[in-house]
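In: requesting a structural model of the entry that follows:
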Amino acid sequence: MSPNKQLTDHETERLIEACRKQSREAQCALYTKYCKAMYNVALRISGNRQEAEDVMQEAFITAFEKLHTYDGKASFGSWLKKIVLHKAIDQSRKHKKMIFDDVDELNVQLADEDNDLPPYFNLTIDAVYSILQSLKPQYRIILNLRLIEECSYEDIAKLLDLQYGAVRTRYARARSILAGKIYQEAQSSMLN
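Out: Numbering: from 1, shown residues only. All right, here's what the predicted structure looks like:
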């Protein structure tokens, strides 16, 4: 099968069954289908290309070892993404890049999610992404999980082992910091 060929749901299910029987060819095909997307998920959490590659490799190994637990209720991609998110967050914790302290969390007002971030002016998507990646890990990770991975507050709380209120507060703070940095960058790009 060509690596560029998109697999149908039926083909994916057949590959999963073959992987359960330890087929290396099927494992390679699933890896080929999902590796780029899972790498991007890991990169958004880790912020480091080498760590993202390591996380992705570990996630695929874990997925193939625990494939017997995949019940098909969610798509295989969603199931795999959960594994990648857990591995990336664990990796960040191991490297002490993520500090989740709840000091003063309750003193921060929750931002109204209906408020838009400041206008992007002439900023490119790459510039905004770069600003997002420059945030402290505890803010970058929550923003990535909420905005890009579209995780619920409840799921984020479980993934990060935080209280629901702390997640909402940290998310509001992260949005505020991101908005300020985007505004600063937009202002400086207008002056140039």
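
In: need phi/psi at residue 19.
Out: Backbone torsions of residue 19, given as degrees, to the nearest 10, read phi -60, psi -40.

In: and for the spatially closest residue to it that is not a sequence neighbour, the neighbour number?
Out: Distances taken as CB to CB, 6 or more residues apart in numbering place residue 26 nearest to residue 19, at 4.7 Å, with adjacent residues excluded. Any C-beta I mention is one placed from the backbone N, CA and C, and that applies to glycine too. Residue 26: 18 surrounding residues under other CB atoms under 10 Å.

In: contact partners for residue 26?
Out: Residue 26 is in contact with 15, 16, 18, 19, counting by CB atoms under 8 Å, 6 or more residues apart in numbering.

In: how near is it to residue 149?
Out: As defined by CB to CB, to the nearest Å, residue 26 lies at a distance of 26 Å from residue 149.

In: next: residue 29.
Out: Distance from residue 29 to residue 149, by CB to CB: 24 Å.

In: what about the most centrally placed residue in the chain, which helix or strand?
Out: Nearest to the geometric centre of the chain sits residue 41, at 4.2 Å (CA atoms, centre = their mean). Per DSSP states H and E, residue 41 falls inside helix 24-46.

In: domains of the chain?
Out: What automatic domain parsing lists as the domains of the chain is 9-94, 105-191.

In: who's in contact with the residue lying closest to residue 44 once chain neighbours are set aside?
Out: Among residues not flanking residue 44 along the chain, residue 144 sits closest, at 4.3 Å (CB to CB, 6+ apart). Residues in contact with residue 144, defined by CB under 8 Å, 6+ apart, are 44, 45, 132.
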